[in-house]
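Participant: Compute the structure for the input listed below.
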Amino acid sequence: MLSQAVKEHQQKQSEVKKQHERKRVAAVHAARAVSDTLVDSLNDGVAQVFTTQKHLEHEVKDLHASLGKFTKTSGQWISMVDAFNQALKEIGDVENWAERIESDMKTIATALEYAANDAQQQVGDSGTEGGAEAAAEAA
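Facilitator: Below you'll find the predicted structure:
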């Protein structure tokens, strides 16, 4: 009877071990499935981040190229504006020079008119016709 009880106990233990083993295997499979699902979910996120990163790197390269073109164009514009400013300064210098020449010519014309008027007065004061002809020739 004791040996029968031991056998039954061993059979029950064996059956319990088998059930535990089946449950353990099922738990491992379930854990593996959960793990795979989580990893797939994370991989999807990582793949999306990777794709976004590649897209951003491409955009950065494009922006860098555009910046180089913009810098070159800006430099050309600055050169053109500087040349235009220089031309305006030169025009201002020429205008100033012309105004000085005009002023000098007016001064000379005024001096010549004054001299001519003075010569005519001297001729008129002397009252001779020969002196008037000489004054007219001088004028």
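Participant: Which strands or helices does whichever strand or helix holds residue 6 pack on?
Facilitator: Assigned by DSSP states H and E, residue 6 belongs to helix 2-126. When contacts are defined as 3 or more Cβ pairs under 8 Å, 6 or more residues apart in numbering; DSSP states H and E, helix 2-126 packs onto helix 129-138. All C-beta spots, glycine's among them, are computed from the backbone N, C-alpha and C.
Participant: Give me the average confidence score over the helix it packs on.
Facilitator: For helix 129-138, the mean per-residue pLDDT is 52.
Participant: Flag the shaky bits of the chain, pLDDT-wise.
Facilitator: 127-139 (pLDDT under 70).
Participant: What separation is there between residue 58 and residue 51?
Facilitator: Look at residue 58 and residue 51: by Cβ to Cβ, to the nearest Å, they are 11 Å apart.
Participant: typo on my end, it should be residue 76
Facilitator: On the measure of Cβ to Cβ, residue 76 and residue 51 end up 38 Å apart.
Participant: likewise residue 68?
Facilitator: Counting by Cβ to Cβ, the gap from residue 68 to residue 51 is 26 Å.
Participant: what does residue 23 give?
Facilitator: Taking Cβ to Cβ, one finds residue 23 at 41 Å from residue 51.
Participant: for residue 75, same thing?
Facilitator: From residue 75 over to residue 51 the distance is 37 Å, taken as Cβ to Cβ.
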